[in-house]
Each structure stands twice: as structure tokens, then as C-alpha cells.
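Quick one, what's the 3D model for this:
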Amino acid sequence: MSTSKPLARLGALLAFACLIFASWSVAAPKPAAALDPFTGYLMVHFIGEGATGQQMYLSHSTDGLNWTDLNNGGMVLRSPIGTKGVRDPALVRSPDGSRYWIIATDLCIDCGQTWGDAINNGSRNLVVWESTDLVSWSAPWLLNVAGAIPEGRNAWAPEAIWNAATGDYVLYWATNGALNGVQKHRIYSARTTNFRSITTPQVYINRPGTQEIIDTQIVELPSGVGNHRYVRASGDGQITLEGSNSILGTWTTLGNLSGIGLTGAQVEGPMWTKFNNRNEWALYLDQYAAGRGYLPVLTANPSSPGVFRLPASGTYNLGATRKRHGSILNLTAAETTRVFAKWGPSAPRPRLQSYNFQDRYVRHANLDVRIDANVSPVQDSQFRLVPGLANNSGYVSIESVNFPGYYLRHTGFDFSLAPNDGTASYAADATFRQVAGLADAGWTSFQSYNHPDRYIRHYGFVLRLDPITNAVGRGDATFRLTS
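Numbering: from 1, shown residues only. Just a heads-up that it's a prediction; the model follows:
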């Protein structure tokens, strides 16, 4: 029998395999790299119900126990997609520190949804943001994780952890799904390299009978601490601890925290953090039943339930806002500097004062943009000038402080405050060059990126994008950046 055809097939298969390997290699994150020493902590969380409370907030700590609200306690990311609310975020850093993701539940209770809706016919998607610097975030996207699960009715409380054994992330979350005739919340998992596509979801944690499980988070332990490389804490009627040496392997039940009076009836939303300067951990638990937000429980060995202890009174402070189910990232000094430059106490929050109506400032109202006097709340007239979305060299975009992710954008030469949809046309419409004020060189005018013959100006106190041809127009198109 001739060998030419089998050899040809073999060559084709080898070539195809090489192409698959090459494409996977391009998509896969880089290998882990040594990061700079950690000097602080960043918590991402939500703060309550309603359309404002169910957004993304940040807090910072220098010791892992005492927290300061960033952005003056205001939200830092707002979801304009899906249910337009987000809860239970996970903050993920790539192994080499070059990329970050926030992954959150697409859920907005008391703003169009009830708990019954969310349980039985909720969003099957997660909301995902991506960043390369921890401060400039992409437009969010929806990641469908529960659509392929039999009778999958929602997708809640996502988490993700890098799996060195497979060179990708294990993404896991809770879904109210059907299995063996039982409809309940279980934890499902899938693998991903980019949080844009996932492998087929698999059942990850399934408690016996009708017992549900919704919240779980895994922590990786250093060599020499306990008998397991990984420990996960789960809300399943108790706060159950389990250990394993493989993320996708067999897990052993270690016990629970009922010995210190904490069960699933009192707390939920387990959130781990390791202290930067010692082998000690805090397991934060959301005191949802009492409405008090997070409580840190301390331990020198996460795999031993008997050594967990409650903190002494006065040794921790969660700040001004109520912290709800979130995630903590240990921060390097460089990351801390970037975060504080944008959201710290001294971060600039300029207002745009009109040149020819100096008692008026640019503000948004019901997503329309105008100039008004006596703006209340003042945050409606505070903006951040960030690198231009369409061109970050010499151009800026104007982002709302209290509607983060929303920018001044012209459409049909009229202005609105609109959420970044990630498109090239949006980016161009929301990008401007700061130039010397057309009416006074000591002030500022904003020239359009995609219509360079036009400038931001007010007309009848409403913002427009117009050619400027006379002295009135030059006055209308001139602003001062003030605090």
C-alpha cells in the first residue's frame, strides 16, 4: 500500500496542531513573573441595594485591617449593560502583573429586579472589565457562563484563580441549575485565558441533597503552611473550609467556623487576604444578616478551622461605606501610586467654568450636558481629564466623577454623558485636544478630534460641538479648569 497519502495526512495534522498551539500560545497569559513587594491592599466591593449601591467601589488599606474609601466614597465603575447593576466582584491580576480584570455578578436588586426574579430568571451573564494599569478600564462586556447549564437560571458571585498546572484561569461561580432532578444553586467552573470565552461549564461544588452553595473563594498557601496548597471557604449553611493540592482535583472537608459562632445564617461572601509582612491571613465575611458589612476573621493557618479567631475590638475599621461581598488585591507601591493618583484623597476633580457666564459650570443632568449655576450635587459638575480614548497623545477625554465610565460625547454635534461602548466611533466622539482658550489664552478650549474645525461650546446654556466664527462663539467655547 502506498505511504504517500498517510504521510501527507500526518504532515497536515502536524501543521494543524502547530497552528492550534501557536494560536493558544498567543492568547494565553505570559508565565508568572516576580512582582515588586506588596505594600498595601485594594478592595473592590459594592455597598448596598439600588442602582447606585450595586456598582463598583474601591477601598485601600495599608495594614489589611483598616480601610479608607477611595474616590471620596463614590463609585469607580458603573455598569451600563445587562441589568445595569453589579455585585460580588472578583479582582484578578495576571501572573506577570501586566493585566487586570474585574468580574462581577450582573444583578440589580430593587432597580427592576426582585430576589425572586434573580433566583429563577436572572442574568446568565457576568460583567467583565479589563485594564493594563488598574486605573483605566475598558468598556465592560457580558460573558455568558450559564446559558449552557441545564435549567441554568442565573450566574452569581464569580471568582477566578490562575492555575499553573493548565496555564489558564479557573473561573467559578454559582448557578441555580438542574442536576439529577434537583434544582438548586451549585458552583460551576470553566477555564479561560481572557474572560471573553470559556470552556464548557462543569459542576465544581455540589452539596448533598437540597443544600445550596452560592459563595466560595480559594486562597493559595505558601509551602510549609498547613497540609494543602489551596483552601476554599464556602457559604453552604456553614462557612465550610476545604483543602486540596490541585484546584481542579479532589477537595477534603476540613471543618467550619461554627466554633467561633459564625455560620451561613450570620455571614456570607468569604473574601481572603494574606497580610503582606507575615504568614497570617484574614478571611473577611459579610455580616449580611445584621446588615453590618465585613468582619475579618484571623488565622495563621487557613487549613485549620480550630485556629481561626475573631479580632480584638478596635483593631479593624472598614471605613465610611458598608463593604459588601468583594475581593482584595495585594498592591505594589507602583500600583498604589497609580490608584491614588486617580482616586486618592488629593486626586484632582476639576470643574469646567464658563468664561462668559462665570457663575456657571459644565454639568450633566439626566445624561444631558449644559452649564448651570449652583450645581447640586456638586459631583454632577466634576470630571476627570483622562488620556484620549481615540488618541492618548496630546488628546483628552472628559469622564464624569460620579458616573465613572461615562464621558462627554457628541452625537449629531449635540452632547450627552454617555457610557463608553468600546467602539471606535464612540472613542472619536469623546476625544478632544486642549488648546489655549479662544477668548482668553489663559483659559482652555476643547477642539474635537474627529471634527477639528469644531469646538465644545454652550448655546442657550446647552453644550454643542460647533465651528467658531465670531467673538460670541469664542466666549461660549472657552472654559477654565477649576477645583
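
Only C-alpha atoms from now on, for both contacts and neighbour counts.
Fine.

pLDDT wise, what is the closest residue to Arg457 other than its chain neighbours at?
Among residues not flanking Arg457 along the chain, Ala477 sits closest, at 4.0 Å (CA to CA, 6 or more residues apart in numbering). Ala477 carries a pLDDT score of 98 in this model.

let's have the chain start at 759 instead
In the new numbering, first residue 759, that becomes Ala1235.

Run a quick neighbour tally on Ala1235.
Using other CA atoms under 10 Å, Ala1235 has 30 neighbouring residues.

Now do the contacts for it.
Going by CA atoms under 8 Å, 6 or more residues apart in numbering, Ala1235 touches Gly1195, Leu1196, Ala1197, Ser1203, Phe1204, Tyr1213, Ile1214, Arg1215, His1216, Ile1226.

Go ahead and confirm the second one touches Asp1234.
No - in this structure, Leu1196 is not within contact of Asp1234 by CA atoms under 8 Å, at 9.1 Å.

between those two, who's got more neighbours?
Asp1234 (25 against 21).

Now do the strands in the stretch 1009-1158 of the chain.
Assigned by DSSP state E, counting those that start in this stretch, the stretch 1009-1158 of the chain shows strands spanning 1010-1014, 1026-1032, 1039-1044, 1052-1057, 1082-1090, 1109-1112, 1119-1123, 1126-1130, 1141-1145, 1154-1158.

Could you give the separation of the longest one from the chain centroid?
It stands for strand 1082-1090. Distance, stretch centre to chain centre, for strand 1082-1090: 10 Å (CA atoms, centre = their mean, to the nearest Å).

mean confidence score for it?
96.

tell me which residues of it are tucked away?
By neighbour count on 16 or more other CA atoms under 10 Å, the buried set for strand 1082-1090 is Arg1082, His1083, Gly1084, Ser1085, Ile1086, Leu1087, Asn1088, Leu1089.

So which elements touch that strand?
For strand 1082-1090, the packing partners by 3 or more CA pairs under 8 Å, 6 or more residues apart in numbering; DSSP states H and E come out as strand 796-804, strand 844-851, strand 1026-1032, strand 1039-1044.

Any chance you could list what contacts that strand?
793-806, 845-850, 1026-1032, 1034, 1043-1044, 1051-1052.

what about burial for these, which qualify?
Buried among these by 16+ other CA under 10 Å: 796-806, 845-850, 1026-1032, 1034, 1043-1044, 1051-1052.

contacting residues for the residue nearest the centre of the chain?
Compute the mean C-alpha point of the chain, and by CA atoms, centre = their mean the closest residue is Ile860, 3.0 Å away. Listed by CA under 8 Å, 6+ apart, the contact partners of Ile860 are Pro847, Ala848, Leu849, Val850, Val886, Trp887, Glu888.

Chain neighbours aside, what residue packs nearest to it?
Sequence neighbours aside, Leu849 is the residue nearest to Ile860 in space, at 4.7 Å (criterion: CA to CA, 6+ apart).

buried sites along the helix or strand containing Phe1173?
If you go by DSSP states H and E, Phe1173 is part of strand 1172-1177. If you call a residue buried by 16+ other CA under 10 Å, then strand 1172-1177 has these buried ones: Phe1173, Ser1174, Leu1175, Ala1176, Pro1177.

With adjacent residues omitted, what lies nearest to the fourth one?
Counting by CA to CA, 6+ apart, Tyr1164 is the residue found nearest to Ala1176 once chain neighbours are left out, at 5.0 Å.

for the closest residue to Val802 other than its chain neighbours, phi and psi?
Distances taken as CA to CA, 6+ apart place Leu816 nearest to Val802, at 4.7 Å, with adjacent residues excluded. Here is the backbone geometry of Leu816 (degrees, to the nearest 10): phi -130, psi 150.

one step back: can you lay out the buried residues of strand 1172-1177 as JSON lines showing distance to Ser1004 and pLDDT?
Shown next, in JSON lines, are those (distance: CA to CA, whole Å; pLDDT from 0 to 100):
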{"residue": "Phe1173", "distance to Ser1004": "53", "pLDDT": "98"}
{"residue": "Ser1174", "distance to Ser1004": "50", "pLDDT": "98"}
{"residue": "Leu1175", "distance to Ser1004": "47", "pLDDT": "98"}
{"residue": "Ala1176", "distance to Ser1004": "44", "pLDDT": "96"}
{"residue": "Pro1177", "distance to Ser1004": "41", "pLDDT": "95"}
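
possible to save these as TSV with distance to Gly1007?
Below are the buried residues of strand 1172-1177 laid out as TSV (distance: CA to CA, whole Å):
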residue	distance to Gly1007
Phe1173	54
Ser1174	51
Leu1175	48
Ala1176	45
Pro1177	41
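
between the residues you listed, which is closest to Thr958?
Nearest to Thr958 among the buried residues of strand 1172-1177: Pro1177, at 31.2 Å, using CA to CA.

The closest one bridge partners, please.
Tyr1164 (DSSP bridges).

Surely it is in contact with Arg1167?
No - in this structure, Pro1177 is not within contact of Arg1167 by CA under 8 Å, at 9.1 Å.

before we move on, back to that, how much space between the residue nearest to Val802 and Ile919?
Going from Leu816 to Ile919 by CA to CA, to the nearest Å gives 20 Å.

now do Ala1229
Note on Ala1229: its distance to Ile919, by CA to CA, is 59 Å.

and what of Arg1067?
Arg1067 is 26 Å from Ile919, by CA to CA.

The two: which has the busier surroundings?
Each of Arg1067 and Ile919 has its neighbours counted (other CA under 10 Å); Ile919 has more, 22 against 16.

quick one: the more buried one is in a helix?
No - secondary structure of Ile919 (DSSP: H, G, I helix; E, B strand; the rest coil): strand, not part of a helix.

ok, it touching Val928?
Yes - using CA under 8 Å, Ile919 is in contact with Val928, at 5.4 Å.

chain center to stretch 1159-1176, what's the gap?
So, by CA atoms, centre = their mean, the centroid of stretch 1159-1176 is 21 Å from its chain's centroid.

Pull out the buried positions in that stretch.
When burial is assessed from 16+ other CA under 10 Å, stretch 1159-1176 yields the following buried residues: 1159-1168, 1171, 1173-1176.

Which of those residues sits closest to Thr957?
Taking CA to CA as the measure, Thr957 lies nearest Gly1163 of the buried residues of stretch 1159-1176, at 29.4 Å.

Distance check, the closest one against Val893.
Separation of Gly1163 from Val893 (CA to CA): 11 Å.

ok, so what distance separates the spatially closest residue to Gly967 that is not a sequence neighbour from Thr1169?
The shortest distance from Gly967 to any residue other than its chain neighbours is 7.9 Å, reached at Val940 (CA to CA, 6+ apart). Applying CA to CA, the value for Val940 to Thr1169 is 51 Å.
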